[in-house]
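Q: Show me the folded form of this:
(one chain, ligands or ions: 2)
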Amino acid sequence: MQTEINEIKRLIRDIPDFPEKGVIFKDITPLLKNPRVFRISLDKISDLIDEWDFDCIVSPESRGFIFAAPLAYKMEKEFVPVRKPGKLPYKTYSISYELEYGKSTLEMHVDAIDKGEKVIIVDDVLATGGTTKAIIELVEKAGGIVVGVACLAELTYLNPRQTLTNFEIASVIKY
Ligand SMILES: O=P(O)(O)OC[C@H]1O[C@H](OP(=O)(O)OP(=O)(O)O)[C@H](O)[C@@H]1O
Ligand SMILES: Nc1ncnc2[nH]cnc12
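A: Ligands and ions are numbered 1, 2, ... in the order given. The predicted structure is shown next:
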């Protein structure tokens, strides 16, 4: 329903020039303070991916976890955390990548995904798609199959779909 989408949009705040000049940061913290609308936003993501065939949700810390873990609970799927360097205790695959505001590295446990397992990637914001592309590489290195990407907000002006050709993408809100 359009009114629900508007309610979600009203609770995502624009912060200009954060964390660097020229970036309009989509701040989801007001949304997290509203339990009803936070719940609606999770339900909207799950509605969009309800028909997708997958067993596992893979997601990057830290904002990705906020949406991915409750979705895994609601949809009864596995949850695999992708973390910043040095946080995961077992052997990891590691990848360096670029996102809208800089460079970073992500890691995933080498045994987190079974060979041939179907996974989706969940995040709060899909901006350049750099983070998601890096996670796809980690999943494929582990032998998994990425069937789609789901997010709350997609920044279409940064053209993430150009980076993520060949993948289904579901977003609740497009800017
Ligand atoms: O599409 P991209 O350009 O790659 O950007 C999207 C990513 O950037 C943000 O994470 P960030 O690295 O800022 O970490 P955080 O979740 O810990 O704030 C966001 O949560 C996504 O994971
Ligand atoms: N503009 C933005 N707002 C929030 N999260 C982001 N991640 C990458 N770009 C972002």
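Q: Need the nearest residue in space to the residue nearest the centre of the chain, chain neighbours excluded.
A: By CA atoms, centre = their mean, the mean C-alpha position of the chain lies nearest to Asp123, the distance being 1.4 Å. Spatial nearest neighbour of Asp123, chain neighbours left out: Gly64 (4.3 Å); criterion: CB to CB, 6 or more residues apart in numbering. Where C-beta positions appear, they are placed from N, C-alpha and C, glycine not excepted.
Q: Then Tyr97?
A: Nearest non-adjacent residue to Tyr97, counting by CB to CB, 6+ apart: Ala134, 3.6 Å away.
Q: returning to that earlier point: in a helix, the residue nearest to Asp123, correct?
A: Yes - under DSSP: H, G, I helix; E, B strand; the rest coil, Gly64 falls within a helix.
Q: tell me the contacts of Glu107?
A: Taking CB atoms under 8 Å, 6 or more residues apart in numbering, we find Glu107 in contact with 82-88, 92-95, 138.
Q: Now, of the residues you listed, which are buried?
A: When the contacts of Glu107 are checked for burial by 16 or more other CB atoms under 10 Å, the buried set is 82-83, 88, 92-93, 95, 138.
Q: between these, which is nearest ligand 2?
A: Val82 (14.8 Å; CB to the nearest ligand atom).
Q: I'd assumed Cys56 was in contact with the closest one.
A: No - counting by CB atoms under 8 Å, Val82 does not reach Cys56; the two are 11.9 Å apart.
Q: which residues do these two both contact?
A: Common contacts of Val82 and Cys56 (CB under 8 Å, 6+ apart): none found.
Q: phi, psi of Tyr93?
A: phi -90, psi 150 (degrees, to the nearest 10).
Q: okay, the buried ones among the contacts of Glu107 in CSV with distance to Cys151 and secondary structure next?
A: CSV is the format used below for these (distance: CB to CB, whole Å; DSSP: H, G, I helix; E, B strand; the rest coil):
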residue, distance to Cys151, secondary structure
Val82, 14, strand
Arg83, 18, strand
Leu88, 23, coil
Thr92, 24, strand
Tyr93, 22, strand
Ile95, 19, strand
Leu138, 17, helix
